[in-house]
Structure formats: C-alpha cells, structure tokens
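K.L.:
task: produce atomic coordinates for the following.
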Amino acid sequence: MAVNKTKKSFVKMKKIKAHLVECRKTQKLDMSSLELTEIPEDFMNLVKTAGVTSITELDLHRNQLSDLANELIEFRTLKILKLNRNKFQVLPAVVLRFSKLQVLDLSENEVKELDLGIQFLVSLRELNFSKNQLMVLPDFWSHLTLLVVLNIAKNRLMELPESLGSLRSLQRLDISDNLLSSLPKALQNLHEIVTLDVHGNHLVEVPPSLGLLKNLIEFDCSGNPLSETVSTFYHQGFEKFMDYLRNLHDLQQLEELIRQKPEGQVLGSYKKYCARYEIGQRPLLRTGHSITQGGPITYIFGGRVTNYVKVEETYAIDSRTLLWVKLSTSGSIPTARDGHAAAFDGNKRLFIFGGRNEENKLLNDVYYLDLKTMTWLQPAVEGSIPAVREGASMVVIGFQLILFGGRGSRQRYNDVHVLDTQAWTWTLQNTRGSIPGPRQNAAATCLGSKLYVHGGKGSLLLDDLHSLDTLNFTWSRVSQKGFGPSPRYKHYCWIHQSRLFVVGGLNKSGEPLSSLYVLPLSTETRTDTSGSFQERTSTIQAKNYTWTELDSELEPCISNLFCHCGEKMVVFQEGPQHTETIPYCSEELSNLEGSSWDYYMEVNCDTLQHKVNNIQMERPMDSKTARVLFTKQTQILQLPKSFQACSDKETHLLEYIKSYERRFNQIHPERRLFMFAALNECGVEKCICTTVRPSHADFTELFHWETCASFLADFLTYEPLEDPLTFPSYLPSPVSVLSWQKADCFDFAMVLVSFLTGAGYEAFCVVGYAPLSITTNNQILGKRITENFKNHEACLVYRCVCYGPPLTPPQDEFSPKPLSDRHLESVNETRGEMSVKGSASRPGSVRLSSRPISHGGRISVDSQKARSRSRMMSRWQSSSSHRRKTSTPTSEKTTEKKLLPAPKRRPVAEKLLPIVKITQKYELRNDARPKDNVAKHVFKLSVNQIKVEYHHMNRHITSNSHMYNKDGSLTLLHIDPFTPEQTQFDRLDEFHSLVTAEREAIKSVRDTEREIEEILQQRLREEQNVVLLTPYIDIACVKDDDLFQEGEDSIKLPTDYLSPFLPPGVRPRQKLTRQQMLDVRDSCLKALKERLVNRATIIQTRYDEETTSLAKRRTNFERDREQMTVEDEETYNLDCENALFRIRILELRAKQHEEEALKKYLELEKKLQNDPRLVRLYQAGSI
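P.N.:
Okay, here's the model as predicted:
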C-alpha cells in the first residue's frame, strides 16, 4: 500500500513538472484530474525551479481538493482559476487575494454559502457556482460592475437579492433548476443582458418589466408552473412573449400613475386638475405650435417660446395620469419651427409638415415620429410635392395624409395634396364642386371619408364650413342655420358622435375667443348625376344643419389651449401666478417666458348648457313658424292646390335656382346668397316671383300706394324676424298673411308689392340691412345710437318696397353677360399653315380670320360653293346650338368665317357638308418666271377638276391657264405664242404636284374645322371652370401681410456669443454633456484671453517703436549738435515733445487695458455661470 502510494505520488509530481515546463511558454498551468487532495508542500519550489515567473491560468478541476495553500498567493498575475468538480465547502481564503482574477469556476462542489469577500474581486468577468448547495445569495453584487457571466444554476435558492440589478455589464444569467417562486423586479435594470435562463423553478408569474430588456434574445422559462395566460403567450414564441410583457408593464405603469393622479376640483361644469411634471419636463407657453390628439394622449410639437426662440421639442400628457413628459426622441429630428401642420394616424405615428424655421424660411418637408420607438424619420417623398407654406390644415384618412390650404410666399392656397403613407408619393388632387377660397390656419377634422374645414384666414376672416369627399374629391359647402361661430382662425374643431364642435381661436383683432359651438352632422349625401358639370356635384342637403352655442363657462385667454379626449373637451390653462401678465390682444408671448400650462380642465360637452342669444330670447311664442305648422296640420286642405304642389314650370324654375345657387357659392363663397325661393304656408318651396303676384282688391282706396300702405300698417301687426341674421324660412301667400293679421318685414313687403302691382304700379322688393330700431319697429328710442358690430346689431336683414313707373317693354334681342368676377382670356393660337387667330371677346360669338399672307405666299383658303347655305353645329353646350355661315370675301386677300347663335335648338348636329371647291390665291412675284408665277389654284372637288391660273404678263388682258381632269384629259390655254410648250413629263409632274396640293388643302380645311371645335370646347371649359379675379381688397390684405412678414423677416436675430465655440453638429439650445460644457467654457475664455493679449501686444509694440525712435533721435542730436542750426534744434525739440506725448498716451492705454482686461474676464466668467447651457457645470461645484 505504501509503495503504491509512493508510486502514485511520484507519477503526480512527474506530471506536475511536465506541466510546469509547458507553463513557461503559455503561462497556463494544468493540474486537473490528478486526484490531488492538497497542493504539494514543495510546489512553489518546483515552480521556481522550472523557471515559471508568471501564471495567468490555473486549472485544478477534477481533483479531491477541499482547500488551497496560502503559498499560492505568489500567483499575483492569476486571471483564471478553475476549481470545479472538487470538494470545496467554502471558498478558499487565498482566492480572495487574487486581485486580478477575472474567471472563477467553483461549480460542482459542496459550497453552501458565498464568502462576502467576493465583492472585492472587482475584476471578475465570469463567476460559476452552479451545482452547489447554495440557499441564499449575499447582497454584494453592486461592486461587481464588470461581471459578464453569472451561473448559479442547480442550487437550492429560494429568492434572489435586488442588488443583482446593479450588474450593469451582465450579459448571461443562469438561475435555472432552483427553488425560485419569483424574480426580482430589479432584473429590468440588466440592460446588457442577452441570455436569461430560469427554467426548472417554481415561477408562476414573470415580471412584466423584463419585457423592457431590448438586448435580450433568449429567455428560457420552461419547466415552470406558469399561469395559463403567461404560458399561452410563452408558447407563442419569444417575440409574442416579450410584447405581452411590455404591454403588461405599460398597463401596470399606467395603473400606478392613475392611482397617483391628483384629485380634481369641481369648477362649474368642469373638473380642474393640477398637471404634474418632473424637473425639466415642464412645457413653456408658446405660439405657432401644433397640438395633436392621439387617443388619451395629447402631443405638442415645436412652436415659438419667445420672439426669437423656436424649439423642436415634443411634449406629451396622458389624460389618465396628467403627467407632462418631454419625449426623448432620436433619429432625424426636425428643425425648430412654428406654423407647421400636424396629424396623428392609427399606426402611432405623428406627422408634421412645413412651417417656418429659425431663419424665418418657409418649409415643405415631411417628418413623422414613430411613437413605438420614439424615433423621428424623414421619408424620401416623390410626386407633386406641395409648395412651401405655413398655417396649412392636415388630417389622416386611412393611409392618406391630406393637406389643405396654407400661406406660402405672397399667396394663400386652397389646393388639396394627398400623401400616400405607403408609397410616400405626393399627389395634387383636381377637386371640383364648391371649392373653398384660399385660407390659412383653418380648423380641420374628418369623419369617415369626409374632410371638414371651418373658417380660417383669407383676405378676410371666414366662418364658412366645407366638406371634401375624399372618394371623389368633391367639395360641398355645408348649409348652416342658426347662430354659428363668428369668423375666426387658429381655432380647434373635432367630431364626436356625428357632431362637429368648434371652440376657441382668434378674431380679426387678434383677440382670443372662448365660445363653443356644436353642429349635428349627417353622413347622408345626395349626388346628382344629371345636368351640366356644375350640377354634378355632391351636396350635403340631407337636412338643414343648425348651429347651437354652448356655454363654455370660460373667459377669453390667449394662453388657453383646447383639445379633446373622446366625448370630453380639454382645456389647458396657465397658472394663476402669471395670469395678470398675459397680453390680451396680441399673439406674442414674449413676456410669458417661464410660464407653462399648469392646469388641466375637462368637461363633457353634453353637460354644458345651451347659450341663448338675446335676440332669440325676444322671440314670441306665437311665431310665424308656429302659425305655419298649425296651417299645415289643420287648414292645408282649405288652401288652393297650387299652394300644395309645384307645377312643371315651377319645378323647372326651382332647378334653375338651385343650379344658380351652387354656382354663386363657387364664385362668391364669402357672400350671402340671394333669396330666390322660400317655403310657403304648406311647406312647399316656391319661387319669390310665384309668391308675389298682382292682387286686385274691390276697394278703390287700395289703388293708391299711400292709402294701401297705410291700410296694411293699421291692419297687420308687425313682428320681428325670428332670426334677424338670416332670411326667413317661410314666406306665406298674401291670403294667409292677411288672415293671420301678423307679418314681419318680408311679409309686409310681399303683400304690399302684390297690391301695388295689381294696381298697375312698378313695384318690387329690396332686401338689405337695417339697424336694430327698424328691424324691431322701435319708434321710442329717440336719438340714434351708434350700434356695435360685434353684437350683430348692424347685420340684421330687412326688406322694403320700391315702386315707380311701369317697365319699358323688354327687347327682343339681348346678349347675356357672364357672371361677375369671370375672366375670359383671349385665345391666340397658330396651327397649321393658316395661322388662325381666335378671340373670345363677346359672349355668343367667335370670329376667325387668317393673316394676309401665310406660308408659301398663300393668301386665301376655304371658298365654298353655295355660300348662302347654313348648317347647324352642336359644338357649344348641350343646351345650345350654333350655325356656321361663310361670307363673301371683302377683298382678294382675306376670307372670313363667323359663328352665330342659332335661332332654334336642334337635338342632333347635322353631319359636315362635303367640300365643293377650294381656291388658293398667290401674290405676283416679279422675279419669278412666267410658268412659275401662279395666281390661283382652283380645286373643283365635285367635278374632279383642277385649274391653274397664272398672273397677267406683258400687258396681256388674259392669262395662261391649265385645266386637269381626273380622267386624264387636260385643257391648256397659252396667250403668249413664244412661251415654250411643256413636255408630257412636265405636265405629269405638274398634275401630281396639284393632286398633292389638293390633299393638303382638304386637310387644311378640316384642320380649320377642328380648330373651331377646339375653340368652342375651350369656351365651354371657361364657362364651366370660372377663373376668379382677385378683388382689390384681397390684393391689399395680402400686400399688408407680406409687408408685415417682411418686417418680421428683417428683424435681426440676436447673436449667440457661444455659437463659435459649440461643438460641430450641436444646436444652440441643445443640452451639452459635461465634457462639452468644459470645452465650450475653456474655448470661450481662451478666445477672450487671446484677444486681450493681442491688444496688449499691439500697445506694447507701438510703445517700443516710439521709445526706440526717440532714443535714436537723441543719439543723432548729440552727435550732430555742433553742426545744427537753430531751426534744426527747434525741429528736434518739437519732435521730441510729440514723441513723449505719444509715449505717455501709450502708457495710459496699457494701464487702462490691463484694468479693463481683468474686468472683461470677470464679466465673461459671470456670464458663463448664468448661461442656462453651462449652469449645471457650475452647480456641480467642480469649477
């Protein structure tokens, strides 16, 4: 036994010596699988004898070791120590002395507790304690900041310490096959973790915060009794499982924030909260920003904080938590801007377009913020990119980004651009219908496939409402009734439950508005496919829309910010400590620097009371509407049948009126529509001319206008209009008015005109505006009082009667002029050989004429036989025809064609008549030979003959001529016998050239007809697409806006003194790192020092030059003194005095510069300390 043991020891020592020899080269000592129970006593001597000076790796695995000798402390460079598969119960003390140890493997031992000394092995990269008997982990992990791999699998751990989350470099964590029932939330701080193995534990739930680990690519949770929901998502794959954890974490965070939501204070119908924010997360008040609602979250981007500072920040506030957050974004962040358009789509993307940057330059770029990754992206767009603009309106419908209006360089727009957010292609849509006028800062929203645009700023402030059907891009003007929103811009609108809400904005004086209006909408539309182009427009006429004003219970305030969240209206308000400094009538917030939206107010619009207008409160209960309803229900059968329905002519007239009204809305969208028709007492729409008819009375007293008016004034009771701002909805017949004995101004005028026209007077109604005293028939006001326009008292409609002598008989012929503001451009074209000139100068006629001389000397084209005949041409509109008449030429050089309106209308156009004869005339050319001096070509198409006539030569009374027949025969007439006779080949060549000329002449005539048709079609297009002339007031307003904008552009922005010292690519207001702040501070101070030193050097250099020159001058004087004259001495003395004066000045300058240099340095130092970009550097106390 002893011999065998000695023999084994000898073999072990032999192997150790062999490994030591190899260790001299590799610095790695392998002593594994030697069944060592302890380290040999003379081991260190063997190491020294082998010449090993440094060991970086020691492998002792698969031995029987339970402890290590202290003499191993000599291995001071040891980095890797492998002790796995031994019998260690505790960590050897010598291991804790290896300060450079990076890898420690103690797996498959019997360790029951970790030594606290491991925390001092700060260089550890890998630590393996798997397959031991650990039951508790100590809380020392915060010191092992470089640890990358930690394996504590197959132990008896029941819980993990929170300090594991401080291992910020950890990439692999294996805690499988333990007794863990939960995981610490601190694991969410392991941002570098790549692999996490927790299989074989007792986990039921997984911390949702683990879904935030972006670098995690392997997460093994198998072998755990997971809950049903967690298990379901786990087995769907890694990506689905991580998404589930992230969503669950966001939900838990939201619930926690909701629990922390401050208590609201009931203030009237509102609930008022104090908004929360972290340090540096407070959104300052601003103008020109965008506010966009994305579900429960409100986003604010950009804007102008002060007069000269524009920002590119993005803020968000969740209505469920009321916590302001400044979003930390990356990617292609847009430049600072204001006046941009913004929209939110269903894919969690926030789009912005255009605006004006810090240099006051207009933009037309597109960015979007991916709210899932908080990354800004700028797509590469193609197509018809919109022009640069600000104040545009933008919404998202499906995958289309729709842009409308805006203000560009010296003009406003009303075009519609569509961006396909899948192909990133812009398209300029050709819209039709009642196109709204150019405007900026209009409120826009959408409902289904319809875009609604309200108000805005054009040449005047607008209050109209238009809708755009994005399926066929047809505009419709929404008919409105009631007291709607006053003209405004920069307001906010939204749609909820098919109701349009409009709130806030600015009036024409720039004063803020707080009024709230609601308009019920209907998704029903009516499309008329018959009639002309103007009539084929989709109009919203399913019902009469009536505005209702709600009592917003808010005072106007320039800092109020409106948005919505579901059925609630949200108002952001500034804190009370700044309210008194808010400029009421200015958009500028230069004196609000430092203020923010501190209050959050919300209200359910359904709980707001309807605001009753003062004029509405004065309406009597016995109104005209009530009387009409009573008549319709009880007395309709007693009225004539003509009152209960419309005849065919009346129906046709009403259709014409509707067509005219649609056309009027296109030309004058800002003007009030004329009153052509109204409902009678039966509820049937009747034209005014059919309601006002001559009425004959049996009383001769009513034949005189004065007694007739006096009678009606005494007989009828005057009542004000139900809505003094609009035309009445009902205009009953004189019979009903007289039976009711009550009438408003329209009824009075209608009855009086009926009596006067029946008596033979020329009487008619006039509609206009009147003051309040007239519309209310108030005769006791006394002195006239100037009325306030804002109270609508100067906008009340009124109707009166004018009368005069009978009208003169109408003329039989008249030429209807086009509508006002229509512009017919002249047509000047050159086509073919005729150089035809056309002009559309008079409605109903087009005159065509050819130039005296065209190509080839030809002066006349198109001469037809039987000129007195006329033919019909349906080349105008479908409702009119015209005839073409060819007149006899007035000279030998021109031919005139004229289109005149036909006296009758024919349903189908006749076919074109065949051409009988074409004549071409040429001028006399003196330099040409007689056989080439052609005077006329006559193509007789009806008899297949071609005749050539030559000019008169040599005083002959007749001329030569050739007559060719298509059957091959010809007739030649030669007057001059000395003219050489043509050969047969010459005649054949001439015949073929004439046949070719005939075909060209026929083609030219047909081209002329096509040109006439094109001119007529062009006239039709001009009639259909009216070009609006810019009114003078629009030009003046745009000019004023341009001058104001140019004045703002000419304002010189303040110079940033730190801009030359900022690192490349850093914006002026971008947050700097500590190193960047140090560099900027040092560079700024260094630049000042260099400038001061250079100034001091210049002063010293001049001082040295003056002293050297004076010394040299004195030396020369002493040398040449005996030879100098009196004048030379005086000159010398004068020069010395001047030099001494300059030297004293330089000495004073040097002293003053030294004092000022120190003062400037201290001032700059103080300025740097107070600079917001460097204040954190000085607050740290490191400088």
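K.L.:
chain center to stretch 221-236, what's the gap?
P.N.:
How far stretch 221-236 lies from its chain's middle: 46 Å, per Cα atoms, centre = their mean, to the nearest Å.
K.L.:
which residues touch that stretch?
P.N.:
Residues outside stretch 221-236 that contact it (Cβ atoms under 8 Å, 6 or more residues apart in numbering): 176, 198-206, 240-241, 244. Just so you know, the C-beta spots here come from the backbone N, C-alpha and C atoms, and that holds for glycine as well.
K.L.:
you'd agree V518 is in a strand?
P.N.:
Yes: secondary structure of V518 (DSSP: H, G, I helix; E, B strand; the rest coil): part of a strand.
K.L.:
going forward, begin numbering at 735 instead of 1
P.N.:
Sounds good: first residue 735 from here, last item V1252.
K.L.:
Three-state assignment for Y1698, please.
P.N.:
strand.
K.L.:
how about the one 3 residues further on?
P.N.:
At D1701 the chain is in coil, as set by three-state DSSP.
K.L.:
contacts only, for it.
P.N.:
N1678.
K.L.:
cool, the one 3 residues further on as well?
P.N.:
Neighbour list for L1704: H1696, M1697, Y1698, R1721, F1725 [criterion: Cβ under 8 Å, 6+ apart].
K.L.:
10 Å instead?
P.N.:
Q1679, I1680, H1696, M1697, Y1698, R1721, E1724, F1725 (Cβ atoms under 10 Å, 6 or more residues apart in numbering).
K.L.:
is the first one in a bridge, and if so with what?
P.N.:
Translated: Q1679. Beta bridges link Q1679 to K1674, N1699, judged by DSSP bridges.
K.L.:
check the spatially most central residue of the chain and give its pLDDT.
P.N.:
Note on the chain: the residue nearest the mean C-alpha position is A1075, at 3.2 Å, using Cα atoms, centre = their mean. The model reports A1075 with a pLDDT of 96.
K.L.:
quick check: E1116 vs T1161, distance?
P.N.:
10 Å (Cβ to Cβ, to the nearest Å).
K.L.:
which one's more surrounded, these two?
P.N.:
T1161 (14 against 11; other Cβ atoms under 10 Å).
K.L.:
from E1715, how far off is that one?
P.N.:
Counting by Cβ to Cβ - T1161 and E1715 are separated by 72 Å.
K.L.:
and what of E1047?
P.N.:
Taking Cβ to Cβ, one finds E1047 at 99 Å from E1715.
K.L.:
in terms of neighbours, single out the busier of those two.
P.N.:
E1047 (19 against 8).
K.L.:
how about the strands in the stretch 885-1034 of the chain?
P.N.:
According to DSSP state E, counting those that start in this stretch, the stretch 885-1034 of the chain carries its strands in the segments 906-908, 929-931, 952-954, 999-1001, 1004-1008, 1010-1011, 1024-1028, 1031-1035.
K.L.:
how about low-confidence regions in the stretch 935-1084 of the chain?
P.N.:
1041-1042 (pLDDT under 70).
K.L.:
by contact count, what packs against the one helix or strand L1902 maps to?
P.N.:
With secondary structure defined by DSSP states H and E, L1902 is part of helix 1860-1904. Judged by 3 or more Cβ pairs under 10 Å, 6 or more residues apart in numbering; DSSP states H and E, the packing partners of helix 1860-1904 are helix 1808-1853, helix 1909-1913.
K.L.:
out of the strands of the stretch 885-1034 of the chain, deepest packed?
P.N.:
When you average the neighbours per residue for each of these (mean count of other Cβ atoms under 10 Å), strand 1031-1035 leads with a mean of 22.
K.L.:
packing partners for the very next helix or strand once past that strand?
P.N.:
Tracing the chain C-terminally past strand 1031-1035 and defining elements by DSSP H and E, one meets strand 1048-1052 next. The contact analysis (3+ Cβ pairs under 10 Å, 6+ apart) places strand 1048-1052 against helix 972-993, strand 1010-1011, strand 1024-1028, strand 1031-1035, strand 1057-1060, strand 1083-1091, strand 1331-1338.
K.L.:
in PDB, list the C-alpha atoms belonging to strand 1048-1052.
P.N.:
Extracted in PDB, the C-alpha atoms of strand 1048-1052 (Å, rounded to 0.1, in the frame of the first residue of the first chain):
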ATOM      1  CA  THR A1048     -42.100  67.200 -28.300                       C
ATOM      2  CA  TYR A1049     -44.200  67.100 -25.200                       C
ATOM      3  CA  ALA A1050     -47.000  64.600 -24.200                       C
ATOM      4  CA  ILE A1051     -49.600  64.400 -21.500                       C
ATOM      5  CA  ASP A1052     -51.800  61.500 -20.800                       C
END
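K.L.:
taking strand 1331-1338 as reference, get the angle to it.
P.N.:
Here strand 1048-1052 runs at an angle of 50 degrees relative to strand 1331-1338 (axes from the mean of the first three to the mean of the last three Cα atoms, to 10 degrees).
K.L.:
ok so, going back, ok, of the contacts of stretch 955-970, which come out buried?
P.N.:
Neighbour-count burial (16 or more other Cβ atoms under 10 Å) applied to those gives S910, V932, H933, G934, N935, L937, V940, F975, Y978.
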